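**Q** Have a look at this prediction, sequence included:
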Amino acid sequence: MKRYLFLIALVLLMAFNEQATYREVDNTSFGIGERLEYRIHYGLLNAAVATMEISEKVVYRNERPCYKININGRSVGVFDLITRINDNWGTYIDTAAILPHSFYRILEEGRYRKYEYVDFDHEKREAITTILDKKTKEPREPIISSIPHNVQDMVSTYYYIRTLDFNKMKEGEIINIGAFFDEESYNFKIRYMGKESVRTHLGKFKAIVIQPILPKNGLFSGENAIKVWISDDANKIPLKIKASMFVGAIEIDIKRIAGARNGVPLLE
């Protein structure tokens, strides 16, 4: 009898530890097979195209089911002749917790190269970053960093935002998200700006408006330099992004939606 009591206690302890490590997020906005395509333009010039795609199948990381999300961006036209860009960002997001288990970015911008892989251990609260040598692509010594509870990477952050209930927020409310980037943890702040209509390549949509609050930097002009419109429906699909930079303004505009979990957002 004592042995059975011990086994029951052990199972309960393991269940408690699992629950303590991984939260549960109610996600009804996205799922497998979603593909979003964007046009990136600088003034009237097409600068690049990008895709955000969730794999058709659930995969496993750390024995947990995950969405495999891949983002590709490449320069086009004149910009491709001036400075060729071919970037690939990706993450494996826990389907229940909407937390990253692995993250990667492969950057090829002109002569600049970066090959980075990050593994997240949410139980130990550690992120293990491995950077490959630019020439040989051999892995360098891993860098272990401490991370806060429920930390996001730069890709999973945007998918986590899509799970939030903006109807319960007030205009001007600040959303705080723990994030990890470039071997550092920081508090990523986003301001909810309310709702409005937005015109895109696909037409005019009702939208939720948010603004990342940026620290001082040499790229963007002010803390409110970026404005993001998300479809005001069950999908919460990113529709448009405007970024004011010191060298001009860049817009990212949706041009195709496929595999949306709740159907394509209705035009206004």
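**A** Yes, it's here.

**Q** going forward, measure contacts and count neighbours with C-alpha atoms only.
**A** OK.

**Q** where does the stretch 101-250 of the chain have low pLDDT?
**A** 215-223, 245-248 (pLDDT under 70).

**Q** how much space is there between Asn224 and Gly73?
**A** Distance, Asn224 to Gly73, by C-alpha to C-alpha, to the nearest Å: 24 Å.

**Q** That should have said Gly194, apologies.
**A** 29 Å.

**Q** Who has more neighbours out of those two?
**A** Using other C-alpha atoms under 10 Å as the criterion, Gly194 and Gly73 rank with Gly73 on top: 20 against 16.

**Q** What count of nearby residues applies to the spatially closest residue to the more buried one that is not a sequence neighbour?
**A** With sequence-adjacent residues excluded and distances taken as C-alpha to C-alpha, 6 or more residues apart in numbering, Gly73 is closest to Ala50, at 4.2 Å. Applying other C-alpha under 10 Å, we find 22 residues neighbouring Ala50.

**Q** Okay, and the beta partners of Ala50?
**A** Tyr38, Gly73 (DSSP bridges).

**Q** What of Ile106?
**A** Beta-bridge partners recorded for Ile106 (DSSP bridges): Asn88, Tyr115.

**Q** Quick check: it touching Asp87?
**A** Yes: contact between Ile106 and Asp87 holds when scored by C-alpha atoms under 8 Å: they sit 5.8 Å apart.

**Q** Against Glu63, how distant is Gly259?
**A** The gap separating Gly259 from Glu63 is 26 Å, by C-alpha to C-alpha.

**Q** okay, those two: which has more neighbours?
**A** Using other C-alpha under 10 Å, the more surrounded residue of Gly259 and Glu63 is Gly259, with 17 against 7.

**Q** how far out from the middle of the chain is stretch 237-247?
**A** 15 Å (C-alpha atoms, centre = their mean, to the nearest Å).

**Q** Correction: the previous question concerned stretch 190-206.
**A** The gap between the average C-alpha position of stretch 190-206 and the chain average comes to 19 Å, counting by C-alpha atoms, centre = their mean.
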